[in-house]
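J.: Build me a structure from this.
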Amino acid sequence: MIRLYTMEECPYCKELKDLCTKEGIKFEEVNIHSDKDKEEVDKVFELTKVDSVPIAKVGNQLIAPDVSFTSIEEAFDIIKTLLKA
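T.: Numbers count the residues shown, from 1 in each chain. Below you'll find the predicted structure:
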C-alpha cells in the first residue's frame, strides 16, 4: 500500500492516481488541504523540501517532484520498483 499526497485540482495527481488504479496498485490518498492530515502533510513537505504534489510514500521512502522524478511516468516507474523491493 502506498500513500499519495495530492490536491483535488492537480492534473498530475489525477494522472498518477489513474496509472496506479489501472495497474491495480492500491493507494491511500491524502488531500494536502485536509485539516485532518495537516500535521502529517507538513512533516512530508518538511522532509522532502518541496511544496508541490503529487508526493508518494512507499514504505518509508518518499518520492517527490523535481527531487525524485521529473515526469509522472518516472514517478510511476519508481513506485512500481519500490513495491517490488
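J.: For Cys13, grab the count of nearby residues.
T.: Close neighbours of Cys13, defined as other C-beta atoms under 10 Å, add up to 21. Heads up, the C-betas are built off the backbone N, CA and C, glycines and all.
J.: Let me know the helix or strand that it is in.
T.: Assigned by DSSP states H and E, Cys13 belongs to helix 11-22.
J.: Now that helix: average pLDDT?
T.: Averaging pLDDT along helix 11-22 yields 97.
J.: Just give me how far that helix sits from the chain centre.
T.: Centroid separation for helix 11-22 versus its chain: 10 Å, with C-alpha atoms, centre = their mean, to the nearest Å.
J.: what helices or strands is that helix leaning on?
T.: Packed against helix 11-22 by the contact rule (3 or more C-beta pairs under 8 Å, 6 or more residues apart in numbering; DSSP states H and E) you find strand 2-6, strand 27-31, helix 72-84.
J.: List the buried residues of it.
T.: By neighbour count, with 16 or more other C-beta atoms under 10 Å as the criterion, the buried positions of helix 11-22 are 12-13, 15-17, 19-20.
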